[in-house]
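>>> 3D model of this:
(chains A, B, C and D)
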Number of protein chains: 2
Amino acid sequence: MDADLVFKALADPARRALLDSLRERGGQTLAGLCQGRAMSRQAVTKHLDILEAANLVVSERRGRERLHHLNPVPIQEIADRWIGKFQQAPLRALANLKKTLENQSDDS
Amino acid sequence: MDADLVFKALADPARRALLDSLRERGGQTLAGLCQGRAMSRQAVTKHLDILEAANLVVSERRGRERLHHLNPVPIQEIADRWIGKFQQAPLRALANLKKTLENQSDDS
DNA sequence: TGCATACGCAACCATTTGATTGCATATAGC
DNA sequence: GCTATATGCAATCAAATGGTTGCGTATGCA
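Have a look, this model is predicted:
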């Protein structure tokens, strides 16, 4: 997994909205995903391309339409491998911050 | 919390590296954070500004230097509020995908 | 006071990004 | 076969992004 592709893919609200839509209902066509969005079909296509490059979406041709599915695995991996590091951090961070604030109050 | 600011802040590898550095050791100065990075001080400043706007970093002036601290709360909130939605998704997503693959194999 | 250090501000620049338009291709259904 | 529908491809463009350089300001210290 290329974590950078995943982070960059998640950076755009339009793409997160597409993921939300696919989370609620998988197998949507491109035209279906364009419904209710203030964007051209080609713009949606580009966003889907980026999501596919990050492996957050998988799609398959089905006749003349293309069906899209959410792949939640990269999000899981981000949560486990990256966010996990910061879940241990709060205690240390708070300790550091506390110490700093104490030093600060010493000066004042 | 503005989730979009957080996602955008996390989208750049240089900024994630800065967060990593502050996670390992809080209270680093700007000059300290520049150490070992192939970037100018001003570039680091801009990244820190973006991290501060997302509330991922807090800083305080201390004499002529500025000390930076990680604030892991926004990451926690992203994990809880946003990733949480997708942690319920796998079963549904896999069911959808399975059904689709079965239909696909029907075609071949 | 004088000077080195640490940081802030602003202009500038190349590249990337997000989106559009126009046209081409392919499939479903009559 | 013909037509409408669904998607693919390419050129184009404005704005955002990431970075630099130059200079200004403020603080620590001899």
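
>>> is there proximity between stretch A:4-13 and DNA strand D?
No: on the criterion C-beta under 7 Å from any atom of the strand, stretch A:4-13 is out of touch with DNA strand D, staying 8.3 Å away. To be clear about C-beta, it is placed using only N, CA and C from the backbone, and glycine gets the same treatment.

>>> tell me the buried residues in that stretch?
Neighbour counts over stretch A:4-13 (16 or more other C-beta atoms under 10 Å in any protein chain shown) mark A:L5, A:V6, A:F7, A:K8, A:A9, A:L10, A:A11, A:D12 as buried.

>>> just confirm the fifth one is within a helix.
Going back to what we said before, that points to A:A9. Yes: the assignment for A:A9 (DSSP: H, G, I helix; E, B strand; the rest coil) places it in a helix.

>>> look up how far A:H47 lies from the nearest residue to it once chain neighbours are set aside.
Spatial nearest neighbour of A:A9, excluding adjacent residues (C-beta to C-beta, 6 or more residues apart in numbering or on different chains): A:A54 at 3.8 Å. According to C-beta to C-beta, to the nearest Å, A:A54 stands 11 Å off from A:H47.

>>> please apply the same query to A:R25.
Counting by C-beta to C-beta - A:R25 and A:H47 are separated by 17 Å.

>>> and A:G36, by the same measure?
Counting by C-beta to C-beta, the separation of A:G36 from A:H47 is 15 Å.

>>> among those two, which residue is more densely surrounded?
Using other C-beta atoms under 10 Å in any protein chain shown, the more surrounded residue of A:G36 and A:H47 is A:H47, with 22 against 9.

>>> which helix or strand in chain A has the lowest average pLDDT?
helix A:89-107 (a mean of 53; mean pLDDT, DSSP states H and E).

>>> buried sites along stretch A:61-81?
A:R66, A:L67, A:H68, A:H69, A:L70, A:N71, A:P72, A:P74, A:I75, A:I78, A:A79.

>>> now the buried residues of stretch A:4-13 in JSON lines, with distance to A:A31 and pLDDT?
Listed next are the buried residues of stretch A:4-13 as JSON lines, based on distance: C-beta to C-beta, whole Å; pLDDT from 0 to 100:
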{"residue": "A:L5", "distance to A:A31": "26", "pLDDT": "98"}
{"residue": "A:V6", "distance to A:A31": "26", "pLDDT": "98"}
{"residue": "A:F7", "distance to A:A31": "29", "pLDDT": "98"}
{"residue": "A:K8", "distance to A:A31": "26", "pLDDT": "98"}
{"residue": "A:A9", "distance to A:A31": "22", "pLDDT": "98"}
{"residue": "A:L10", "distance to A:A31": "24", "pLDDT": "98"}
{"residue": "A:A11", "distance to A:A31": "25", "pLDDT": "98"}
{"residue": "A:D12", "distance to A:A31": "21", "pLDDT": "98"}
